[in-house]
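Participant: pasted the sequence and its predicted model underneath.
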Amino acid sequence: MKIICIGRNYAEHAQELGNEVPKEPVIFMKPDTAVLKGNDFYIPEFSEDIHYELEVVIKISKGGKYILKENAHKHFEEIALGIDFTARDLQQSLKSKGLPWELAKGFDGSAALSAFYPKNQFNLNELEFELKKNKETVQLGNTQQMIFSPEDIIAFVSQYFTLRVGDLIFTGTPKGVGSVKDGDLLDGYLQGNKILDLRIM
């Protein structure tokens, strides 16, 4: 299983971190060991600035290579919410040296996931999702704000990587990312329904 992540897919998020709005999808990856087991996220000892990034996640149900955008909808049937945890201090240090930043994105437990739901239950073009930290809203996004749609992403990614059944794609986060500390509670909502909850340890 591959975990493919899309960076800067919401213009306001790119801007809040001082990044350019991309003209094509920005790709990075996490190993399968990044999937968080359970509902407790333990802050790693190598970072003092872990950030949450709530995202809509799609699961590949039909593999393929060089998938056409008009056929991309046939390659996933389920969606979830996920949190891409980022060691922001480590990421900035690596970026300042011109180095890859997988260490800041792909560490164990850095990919939290809700249960998956059939995509036909939702309008994927206007899908609202929300993250609350300690019961206060910190992120509120809608898929209509995406720069690149899930179909755009699948078509682009499959030019470079063969997609296989079970691969996950984190489709990007809206503005409002921020840090977590020991004792924080994170709750993720999809269309107003809570489907993800985590305790920071």
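Facilitator: Noted; the coordinates are in hand.
Participant: for this structure, which segments count as helices?
Facilitator: Assigned helices in the chain, in chain order: 11-16, 88-96, 102-105, 150-157 (criterion: DSSP state H).
Participant: save those as a markdown table, and put in mean neighbour count and distance to Phe76 too.
Facilitator: Placement of C-beta: from N, CA and C, glycine included. As requested, the helices of the chain are arranged in a markdown table below (neighbours: other Cβ atoms under 10 Å; distance: least, Cβ to Cβ, whole Å):
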| stretch | mean neighbour count | distance to Phe76 |
| --- | --- | --- |
| helix 11-16 | 16 | 23 |
| helix 88-96 | 15 | 28 |
| helix 102-105 | 20 | 22 |
| helix 150-157 | 21 | 7 |
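Participant: how about the ones you listed, which one is nearest Asn125?
Facilitator: helix 150-157 (9.8 Å; Cβ to Cβ).
Participant: chain center to that closest one, what's the gap?
Facilitator: 15 Å (Cα atoms, centre = their mean, to the nearest Å).
Participant: between the helices of the chain, which gets the lowest average pLDDT?
Facilitator: With a mean of 70, helix 11-16 has the lowest mean pLDDT of the helices of the chain.
Participant: re the thing from before, now tabulate the helices of the chain in TSV and tack on distance to Gly64.
Facilitator: What follows is the helices of the chain, written out as TSV (distance: least, Cβ to Cβ, whole Å):
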stretch	distance to Gly64
helix 11-16	29
helix 88-96	31
helix 102-105	25
helix 150-157	8
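Participant: which among those is found nearest to Pro25?
Facilitator: So among the helices of the chain, helix 150-157 is nearest, using Cβ to Cβ, at 5.0 Å.
Participant: counting contacts, what elements does the closest one pack onto?
Facilitator: strand 54-60, strand 168-170 (3 or more Cβ pairs under 8 Å, 6 or more residues apart in numbering; DSSP states H and E).
Participant: that helix to strand 54-60, inter-axis angle?
Facilitator: If you take axes from the mean of the first three to the mean of the last three Cα atoms, to 10 degrees, helix 150-157 sits at 70 degrees to strand 54-60.
Participant: wait, what's in contact with the residue of the chain most remote from its centre?
Facilitator: Largest separation from the mean C-alpha position in the chain: Lys97, at 24.6 Å (Cα atoms, centre = their mean). By Cβ atoms under 8 Å, 6 or more residues apart in numbering, Lys97 lies in contact with nothing.
Participant: for the protein, where's the lowest mean pLDDT among helices and strands?
Facilitator: Taking mean pLDDT, DSSP states H and E as the measure, the chain has helix 11-16 as its least confident helix or strand, at a mean of 70.
Participant: before we move on, the earlier item: so which of the helices of the chain comes closest to Pro118?
Facilitator: With Cβ to Cβ as the measure, helix 150-157 is the member of the helices of the chain nearest Pro118 (14.5 Å).
Participant: what residue ranges in this protein score low on pLDDT?
Facilitator: The model of the chain has pLDDT under 70 over residues 13-14, 16-17, 19.
Participant: perfect, I'm done here.
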